[in-house]
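[1] based on what follows, work out the 3D shape:
(chains A and B)
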Amino acid sequence: MEPLPNGNSTVTNATTASATATSLPSLHAGVPSSKLSQLTESLKLEHQFLRVPFEHYKKTIRANHRAVEKEVSAVMSGLSDAGDLSQDDAVQHLNSLVSRLQGLKRKLEDGSRAENLQAQRCRARLDHLESADADNISEWNNTRLKRILVDYMLRMSYYDTATKLAESSSIQDLVDIEIFYEAKKVIDALRNKEVAPALAWCADNKSRLKKAKSKFEFQLRLQEFIELVRSDNNVRAVMYARKYLAPWAATYMKELQKVFATLAFTSNTGCEIYKVLFEPKQWDYLMDQFKQEFCRLYGMTLEPLLNIYLQAGLSALKTPFCYEDDCTKEDPLSQESFRKLAMPLPFSKQHHSKLVCYITKELMDTENPPLVLPNGYVYSTKALEEMATNNNGKITCPRTGLVYNYTEVTKAYIS
Amino acid sequence: MDLNNIKDAFDRVTKKQKVSSSKSQEVVEQMSQEIEQALSGIQSATNSTFPQPDHNLILTELKAKLKEIAPLGQLEGTQKELNLALSKYIKLLEKHFNPDISRSYRNVDFDLHTINQIIASHFYREGMFDIGDCFVNEAHEESVVDRKTHFLEMYQILESMKSRDLGPALKWATTNHEKLRQNGSDIELKLHRLQFMEILQHGRRDEALKYARAYFSPFANQHLPEIQKLMACLLWAGKLESSPYSELLSPTHWAKLAHELAQQFCNLLGESYQSPLSVTIAAGVQGLPTLLKLMNVMNGKKNEWQSMKQLPVPIDIDQEFQFHSIFVCPVSRDQASEENPPMLMSCGHVLCKQSITKLSKNNSTRPFKCPYCPTEVEVGQCRRLYF
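    Numbers count the residues shown, from 1 in each chain, chains lettered A, B, ... in the order given. Predicted coordinates for the structure are as follows:
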């Protein structure tokens, strides 16, 4: 007899729960508190979701502050520096200051608008988290999966897929596409062996990078130096080093010395230590470095969310039985790709027996105790009772085909 | 989750941001005005006949005035308050949310291609064929495209559904009527219902009645109340929005039904009901908090974490993720395996084989006492169990 497959997803549970009793204990209407606390715990994992737009918001605010301060200082000093002027000059000077301030006013308006938009986005995310409750949980979870997938796409630079996916479920506010586009510019440039956008990014985020003691800018400068050496522009290389590498000398002397020595070895060197500095994969390394710095600055995890959740899920699901041939296809680990990913991960552990009836896939517990056939195979009371009722008291073991009487079963007591 | 604290903190931030913004604009306005005043002062000097102050004097006055206004100082005040609110909010976020969920991530070989294949299969089986194609293109994962042909029929049915054509879907449901019934699925009825509502919404009452007569009867046994509801809808043909059943018109039904059809289709193809990626991520969401706590407790023992073969604590996830029977011997707390199978004793209690061997002190002839009841058990009488 074919084992009855579980035909009911959580979406259709409501309508078919009465027809087949495959609803799960923890979803019973009378026990919501564990589900809710589970929900709360899962919401606590959403730090990145709230932090990233907020960092963006903060950045915009700080940039606007700096712009205002700069312009205002410029006007103030423009005024105080003005010595004895002729009347016409004075008028001209004051006019220029006024128009500068007008320009600033417009900039402030634009800046304020941008800040408000970003505040709205932060707020939208807070609202989204709040909207999760027991009623819409499966839809909310679906949206979460899509968010996780968009995050993966963005990290892997699959921008088209990310955009399409976000549009298809209207979750543009809940994902960080624009922020990753910022990163895309830098990454694309680095791929083309250009450091300019990366350096501009460093300048934009100077104070925070400094606080984090980041050496990324230094690494960019080193690479530029190496490129100059590669093209035999030794004089320029030295000048470059004097201007841009010297400030970092105090902290990174050894590295500086090593790279500086490439001047002597040139790009055709056979010496391994220096040869590796000229390899194109140094640029890949720079791209990775950038991604790390970028993620750190915005409060994002270094690894894609997908990988993090996948690892956790695989470990939670992994049992030695998953690798057997008769593993049910409902178990993701019955699939080759999942098995491969789960190989290096630890198995899950149980402290108490959890028994699942082969026929109904339901839990066998004190309400539905396990019954043992004379051949040692075990099934749930519900399954065997139903089978006996429909077959004149006879039971057929689905796995061995042996037939017994319902009277021949014995009860097993499992704690 | 009570987010009120956080919402309030955020409102404070936006308030300070607006204050800072308006202060900036105010200050710039002030400066503008003073300079313009000075400007008109200088210009009017040329027009009148009275002796007017020297333009340089006006300039000096202007400088003094601006120093008095101290624009930079004013800006600094509001900016400082805003910055304070910003950092406070971040601290609050870090307190209420886990700031680094990657702490329990293991640096093991997580093959990119395998992951991409899993994602592509997920898109195809969920019916997101356009997105799947786009992804396969960008990720250069062409090997998965044959998976798509597996779902080609499903693709065509879902595409038709997108343009509100239920023909292929109904044909499929009718063809697979028996199997769907065995699965306990009522999707056929749901499809007929949707079609019925479509017809009715366009006011074609007679056609709807004919449709109902033709298709609803096989479902009368199990779903009578549902059918009665639908027949009642006939009264509101063409103006269903005002009927008590207007909810049935909601476009979400189409999306939900498409999803359910995909699930049933996959099942009939021999695939699992749920996308394995969805299931794994759902399990991961439930299990990650425990893993992170565990990592905290193990605090930095990275080597141990990386190399452990089994998690030291159980991860509580929902029953729906229990795909296998796990027997844990109540005496030794070991998990049963091929080498150490569960054995049924004559009293009905179950222990693992090794526990029984230990309890009987390796003497297979003498009976021993079951640890849970006063029955004497003979080793030879213990039967191996298969869950």
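
[2] pLDDT of the strand or helix carrying B:Lys67, averaged?
    Using DSSP states H and E, the element containing B:Lys67 is helix B:55-69. Mean pLDDT, helix B:55-69: 83.

[3] so how far is the following helix or strand past that helix off the chain centroid?
    Later in the chain than helix B:55-69, the nearest helix or strand by DSSP H and E is helix B:71-96. Offset of helix B:71-96 from its chain centre (Cα atoms, centre = their mean, to the nearest Å): 33 Å.

[4] next, the angle helix B:55-69 makes with helix B:71-96.
    30 degrees (axes from the mean of the first three to the mean of the last three Cα atoms, to 10 degrees).

[5] tell me what helix B:71-96 is packed against?
    Counting contacts by 3 or more Cβ pairs under 8 Å, 6 or more residues apart in numbering or on different chains; DSSP states H and E, helix B:71-96 is packed against helix A:47-81, helix B:4-47. Placement of C-beta: from N, CA and C, glycine included.

[6] of those helices, give the one that comes closest to A:Lys146.
    helix A:47-81 (12.8 Å; Cβ to Cβ).

[7] next up, the contacts around the closest residue to chain B within chain A.
    Per Cβ to the nearest Cβ, A:Gly313 is where chain A lies closest to chain B, at 3.0 Å. Contacts for A:Gly313 (Cβ atoms under 8 Å, 6 or more residues apart in numbering or on different chains) come out as A:Pro332, B:Val279, B:Thr280, B:Ile281, B:Ala282, B:Ala283, B:Gly284, B:Val285, B:Gly287.

[8] which residue packs closest to the fourth one, ignoring adjacent ones?
    Counting by Cβ to Cβ, 6 or more residues apart in numbering or on different chains, B:Ile281 lies nearest to A:Tyr309, which is 4.9 Å off, once chain neighbours are set aside.

[9] and the pLDDT at that neighbour?
    A:Tyr309 carries a pLDDT value of 96.

[10] before we move on, back to that, redo the helices and strands packed on helix B:71-96 as a markdown table? Include distance to A:Thr360, mean neighbour count and mean pLDDT.
    Shown next, in a markdown table, are the helices and strands packed on helix B:71-96 (distance: least, Cβ to Cβ, whole Å; neighbours: other Cβ atoms under 10 Å in any protein chain shown; pLDDT from 0 to 100):
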| stretch | distance to A:Thr360 | mean neighbour count | mean pLDDT |
| --- | --- | --- | --- |
| helix A:47-81 | 39 | 18 | 91 |
| helix B:4-47 | 44 | 17 | 88 |
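
[11] now these in TSV, with distance to B:Thr60?
    Formatted as TSV, these follow (distance: least, Cβ to Cβ, whole Å):
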stretch	distance to B:Thr60
helix A:47-81	10
helix B:4-47	10
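
[12] for B:Glu153, find the nearest of those.
    helix A:47-81 (37.6 Å).

[13] and whatever helix or strand comes next after the closest one, what does it pack against?
    The helix or strand immediately downstream of helix A:47-81 is helix A:87-130, counting by DSSP H and E. Under the contact definition 3+ Cβ pairs under 8 Å, 6+ apart, helix A:87-130 sits against helix A:47-81, helix B:4-47, helix B:55-69.

[14] wait, which of those helices is closest to B:Ser246?
    helix B:4-47 (33.5 Å).

[15] is chain A within reach of that closest one?
    Yes. Using Cβ under 8 Å from any Cβ of the partner chain, helix B:4-47 reaches chain A at B:6-7, B:10, B:13-14, B:17-18, B:20-21, B:24-25, B:27-29, B:31-32, B:35-36, B:38-39, B:42-43, B:45-46.

[16] mind checking how far that helix is from the chain centre?
    44 Å.

[17] what's that helix packed up against?
    Against helix B:4-47 (3+ Cβ pairs under 8 Å, 6+ apart) you get helix A:47-81, helix A:87-130, helix B:55-69, helix B:71-96.

[18] orientation of that helix relative to helix A:47-81 in degrees?
    Using the same axes, to 10 degrees: helix B:4-47 against helix A:47-81 is 20 degrees.

[19] picking up where we left off before, list the buried residues in the helix holding B:Lys67.
    Of all the residues in helix B:55-69, those buried under the rule 16 or more other Cβ atoms under 10 Å in any protein chain shown are B:His55, B:Asn56, B:Ile58, B:Leu59, B:Leu62, B:Lys63, B:Leu66, B:Ile69.

[20] so for stretch B:83-103, mean pLDDT?
    Stretch B:83-103 carries an average pLDDT of 93.

[21] turn the helices and strands packed on helix B:4-47 into a markdown table, including distance to B:Glu142.
    Listed next are the helices and strands packed on helix B:4-47 as a markdown table, based on distance: least, Cβ to Cβ, whole Å:
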| stretch | distance to B:Glu142 |
| --- | --- |
| helix A:47-81 | 32 |
| helix A:87-130 | 36 |
| helix B:55-69 | 67 |
| helix B:71-96 | 42 |
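
[22] grab the nearest non-local neighbour of residue 98.
    Unless you meant another one, I'm taking chain A. Per Cβ to Cβ, 6+ apart, closest to A:Val98 is B:Ile35, 5.5 Å.

[23] switch to chain B, that's the one I care about
    A:Lys44 (5.3 Å).

[24] am I right that A:Leu371 sits in a strand?
    Yes. Under DSSP: H, G, I helix; E, B strand; the rest coil, A:Leu371 falls within a strand.

[25] in chain B, what secondary structure element scores lowest on mean pLDDT?
    Ranked by mean pLDDT, DSSP states H and E, the weakest helix or strand in chain B is helix B:145-150, scoring a mean of 74.

[26] sorry, back to before: so which of the helices and strands packed on helix A:87-130 is nearest B:Gln354?
    helix A:47-81 (45.0 Å).

[27] residues near the residue nearest to B:Asn98, how many?
    A:Lys44: 15 surrounding residues under other Cβ atoms under 10 Å in any protein chain shown.

[28] now it: phi and psi?
    Taking degrees, to the nearest 10, you get phi -70, psi -10 for the backbone angles of A:Lys44.

[29] contact partners for it?
    So A:Lys44 contacts B:Met1, B:His96, B:Phe97, B:Asn98, B:Pro289 (Cβ under 8 Å, 6+ apart).

[30] in terms of pLDDT, where does it sit?
    For A:Lys44, pLDDT reads 94.

[31] middle-most residue in the chain, spatially?
    All of this refers to chain A. A:Leu305 (3.1 Å; Cα atoms, centre = their mean).

[32] chain B, not that one
    Closest-to-mean residue, chain B, Cα atoms, centre = their mean: B:Ala282 / 7.5 Å.
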